[in-house]
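Peer 1: Test case, fold it:
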Amino acid sequence: MKKILIVLVSILAIQGVARSQTISLVGYGGYVFGDNVSFGNASANIKGSGMWGAALEGYNQYGNGLELLYQQQNTNVPVIGYPGGNQLNQRTGAVLSWILLNFERYFIQSDSHVMPYGGLGLGVLLTAPENGNSGSYFAWDAKLGVKLKTAGKVGFKLQAQLLSSTAASGTGWYYGYVYTTYSTLWQFGLAGGITIDFSK
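Peer 2: Presented below is the predicted three-dimensional model:
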């Protein structure tokens, strides 16, 4: 069901982008800072690491736009159990994949190559730990940045991003133990991107 929802949202986003005046392909790279997630009698330390991503975005002449974003982080997540403070997972590798539909607002000024923007998005976080079950969870993000346009089609982006995901339990996030406590992941990231614009 979640896969079907992701596909439907992606189709709607692509249709919305296709109606835009300016369509851009974006490649991202950056760094996401870590977070410590507590769920009941254990905690998981998501280590900070590099990230990469790709996006399809479109915006109209007023600066209103949509972005369909895929973002991936390869990290390590040691899980500590309490009481005792023992590490519960021997293999700590995990892949965090964010799929987000962002609603963006560019602040366009005539004859300016500098375009500040903000965005707010909803989507899903897919987790694939080495030692545990894969899972999918509700996610959202917020970001602020600036797009630097050139005389040609190529431009650049610099942005700060807040990522968050909430799960009803720690089950399957990092390993096979079940907890009923709500757990929330908060991550802050800095990224740069290269854009290729196609104007109608």
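
Peer 1: Just give the nearest non-adjacent residue to Phe198, would you?
Peer 2: Nearest in space to Phe198, with sequence neighbours left out and distances taken as Cβ to Cβ, 6 or more residues apart in numbering, is Ile23 at 4.7 Å. Glycine gets a C-beta too; all of them are placed from N, C-alpha and C.

Peer 1: Where do the helices of the protein begin and end?
Peer 2: All helices of the chain, identified by DSSP state H, fall at 2-18.

Peer 1: Buried residues in stretch 192-200, which are they?
Peer 2: By neighbour count with 16 or more other Cβ atoms under 10 Å, stretch 192-200 contains the buried residues Gly193, Thr195, Asp197.

Peer 1: picking up where we left off before, look at the residue nearest to Phe198 and say how many residues are nearby.
Peer 2: When neighbours are counted by other Cβ atoms under 10 Å, Ile23 registers 18.

Peer 1: repeat for Gln87
Peer 2: Counted with other Cβ under 10 Å, the neighbours of Gln87 add up to 11.

Peer 1: Make 24 the starting number, not 1.
Peer 2: Let's use 24 as the start, then, which means that last one is Gln110.

Peer 1: so it makes contact with Pro101?
Peer 2: Yes: judged on Cβ atoms under 8 Å, Gln110 makes contact with Pro101 at a distance of 5.5 Å.

Peer 1: Just grab the bridge partners of Asp164 for me.
Peer 2: Here Asp164 shows beta-bridge partners Gly144, Leu186, assigned using DSSP bridges.

Peer 1: The residue nearest to Trp75 when sequence neighbours are not counted bridge partners, please.
Peer 2: Spatially, and ignoring its direct neighbours in sequence, Trp75 is nearest to Gly52 (5.3 Å; Cβ to Cβ, 6+ apart). In this structure, Gly52 bridges to Trp75, Gly215 when assessed by DSSP bridges.

Peer 1: Quick check: phi and psi at Phe130.
Peer 2: Here the main-chain torsion angles of Phe130 (degrees, to the nearest 10) amount to phi -100, psi 100.

Peer 1: in this structure, what spans have low per-residue confidence?
Peer 2: Using pLDDT under 70 as the threshold, the predicted model of the chain has low-confidence ranges 24-43, 190-205, 223.

Peer 1: how about the strands in it?
Peer 2: Counting by DSSP state E, the chain has these strands, from start to end: 45-55, 58-61, 65-69, 72-82, 87-99, 102-104, 109-110, 116-129, 137-152, 158-172, 177-190, 206-222.

Peer 1: Cool, thanks, talk later.
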